[in-house]
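based on what follows, work out the 3D shape:
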Amino acid sequence: MSPRLEYKTYAAGHRFTRSVKEQSKCYIVRTGAVSVHRQPDDILIDYIPAPTIRGIIPIPDEFESLYVIKIFEEAEIAIIDIEIFDILLSELNLWEPFARHMQLLAGLAPEVIFRLNSRRIYEAVRMQLYELMAKPESIREQIIVENFIRAKVQASRSAVMHILSELRKGEYVVIENGVLKSINSIPERF
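The predicted structure follows:
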């Protein structure tokens, strides 16, 4: 598909907004990394390294939230109309790989929802630590662990810092200058 697309480079911090009224475009990220946030509560959905496609899932009419795609690392992105994307899938016979990609996304959705809706703060922090550790090192090295967790679970700074402090004391995690370096089997209970 790349030869048929026009990529532009976007600096870290650039934003694209999607809403019920603004969802005619999709974003094909060839290099770099993006994050996706839900507004108005600014919940971090995830950090996503390239390659990825964002904006392909329609937002239902009854949703009032905005979704912001933020450039996390300088990124090359092609922005095209959804209709053109569909035509390219047909012309290039890519519907089957695209369907497999969508199956993967659908399979991940319950896990993401579970992580975002944990009943206990400790469980949520624990899950987010494992999620952050699974990110590529190039992304993880740029993320302050406490900010990442608070953006995902909407917990107070003091609660998150207390849990992180205790996990560091117990040598369950290694955090240097606010960056998660390693995990050594975090206990299920606190």
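
roughly how far is the helix or strand of the chain with the lowest mean pLDDT from the heart of the chain?
Every helix and strand in the chain was compared by mean pLDDT, DSSP states H and E; the lowest is helix 95-116, with a mean of 81. Centroid separation for helix 95-116 versus its chain: 13 Å, with CA atoms, centre = their mean, to the nearest Å.

partner residues bridging the spatially most central residue of the chain?
For the chain, the residue nearest the mean C-alpha position is residue 46 (1.7 Å; CA atoms, centre = their mean). For residue 46, the beta-bridge assignment (DSSP bridges) gives partners residue 36.

any low-confidence regions in the chain?
Residues of the chain meeting the criterion pLDDT under 70: 112, 114-119.

how about the strands of it, start to end?
With DSSP state E as the criterion, the chain has strands at 7-10, 15-18, 25-39, 43-49, 52-54, 66-81, 173-176, 179-183.

run me through the strand neighbours of the first one, direction for each.
Strand 7-10 pairs in its sheet with strand 66-81 (antiparallel), by DSSP bridges.

can you give me how far the strand it pairs with is from the chain middle?
In terms of CA atoms, centre = their mean, the centre of strand 66-81 is found 12 Å from the chain centre.

so which bits of that strand are buried?
66-73, 75-78, 80 (16 or more other CB atoms under 10 Å). C-beta here means a position set from N, CA and C on the backbone, and glycine is covered the same way.

state the pair within the residues you listed that is farthest apart.
66 and 76 (24.3 Å; CB to CB).

that older thread, out of the strands of the chain, nearest to residue 133?
From these, taking CB to CB, the stretch that ends up closest is strand 179-183, at 5.1 Å.
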